[in-house]
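Student: Sequence first, then the predicted structure, then my questions.
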Amino acid sequence: MKQHLTVVTHPLVQHKLTLMREKTTSTAVFRQLLREISQLLAYEVTYELDMTDRRIETPLQEMDAPVLAGRKLALVSILRAGNGLLDGMLELIPSARVGFVGLYRDEETLKPVQYYFKVPDYLGERMVIVVDPMLATGNSSAAAVDLLKQAGARNIRFLCLLAAPEGVARMKDAHPDVPIVTAALDERLNEKGYILPGLGDAGDRMYGTK
């Protein structure tokens, strides 16, 4: 994955994203759409997983068949909204190891504040995919990647539903070695640091909270 930003333009991804953007979409439908779109995005972000061959026997003959190589990949959710992407990806990659980074955004400074960090062992030997629906200011995302690198992670990808140009620039400046995969690059941030046109607060829409 050579480019820093990949926007997944697949028709199913774009259609589901439009339904999620609509303010009349219910919590239950929003959650289901997020689960579905996360599986589609997972195909893109896992494209470069290492492979090897294993000798197997089909009903007709033996063959050398491709299988995943090395340690199981790690999915790391930035709480709480990241869990929506995580759930769908785990259906596709049930053997993945899972970690959590708890960060919340100080509404005055827009800076991330850490309150939880729990990740799998041997991060340096795994592909690590960080998931968070919104890449807004990029401060929380950059802070999460900082923590993961401190824990030994070297092969990191960032997966989000929406990205703002400001967040992409912040991540590229802080972590140029971390490719970003997203369903859309939106226009800008508003004065409160929310993505425009966006889809509102992903966590609130997913869990029905305000």
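Tutor: Ah, there it is. Because the structure is a prediction, the values reported are computed rather than measured.

Student: what ranges do the helices span in this protein?
Tutor: 11-21, 27-45, 82-92, 139-150, 165-174, 202-207 (DSSP state H).

Student: Now distance to Y122, mean pLDDT and mean neighbour count too, for the ones you listed, in CSV please.
Tutor: (Each C-beta comes from the backbone N, C-alpha and C, glycine too.) As requested, the helices of the chain are exported to CSV (distance: least, CB to CB, whole Å; pLDDT from 0 to 100; neighbours: other CB atoms under 10 Å):
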stretch, distance to Y122, mean pLDDT, mean neighbour count
helix 11-21, 32, 96, 16
helix 27-45, 20, 93, 19
helix 82-92, 19, 90, 21
helix 139-150, 13, 94, 20
helix 165-174, 24, 96, 18
helix 202-207, 30, 86, 19
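
Student: so which of those helices gets nearest K111?
Tutor: Closest to K111 of the helices of the chain, according to CB to CB: helix 139-150, at 5.7 Å.

Student: tell me what the closest one is packed against?
Tutor: Counting contacts by 3 or more CB pairs under 8 Å, 6 or more residues apart in numbering; DSSP states H and E, helix 139-150 packs against strand 74-79, strand 97-105, strand 112-118, strand 127-131, strand 155-163, helix 165-174.

Student: Adding distance to V76, write the helices of the chain out as CSV.
Tutor: Below are these laid out as CSV (distance: least, CB to CB, whole Å):
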stretch, distance to V76
helix 11-21, 22
helix 27-45, 12
helix 82-92, 8
helix 139-150, 6
helix 165-174, 15
helix 202-207, 17
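
Student: Which among those helices is found nearest to P133?
Tutor: Evaluated over the helices of the chain, closeness to P133 peaks at helix 202-207, with 3.9 Å, by CB to CB.

Student: Check which helices and strands the closest one is in contact with.
Tutor: helix 27-45.

Student: The helix it packs on versus strand 155-163: what angle between them?
Tutor: Calculated by axes from the mean of the first three to the mean of the last three CA atoms, to 10 degrees, helix 27-45 forms an angle of 140 degrees with strand 155-163.

Student: Check which helices and strands helix 27-45 sits against.
Tutor: On a contact count with 3+ CB pairs under 8 Å, 6+ apart, helix 27-45 meets helix 11-21, helix 82-92, strand 155-163, strand 180-185, helix 202-207.

Student: out of the ones you listed, nearest to Y104?
Tutor: Relative to Y104, the nearest member of the helices and strands packed on helix 27-45 by CB to CB is helix 202-207, separated by 10.2 Å.

Student: what distance separates the closest one from the middle of the whole chain?
Tutor: The chain centroid and the centroid of helix 202-207 are separated by 16 Å, computed with CA atoms, centre = their mean, to the nearest Å.

Student: residues in contact with that helix?
Tutor: Contacts with helix 202-207, where a contact means CB atoms under 8 Å, 6 or more residues apart in numbering, come from 20, 25, 27, 30-31, 34, 80-81, 84, 133-134, 161, 199, 209-210.

Student: Identify the farthest-apart pair in the residues you listed.
Tutor: Farthest apart among the contacts of helix 202-207 - using CB to CB - are L161 and K210, which lie 20.0 Å from each other.

Student: okay, those two: which has more neighbours?
Tutor: The residue with more neighbours, out of L161 and K210, is L161; 28 against 4, by other CB atoms under 10 Å.
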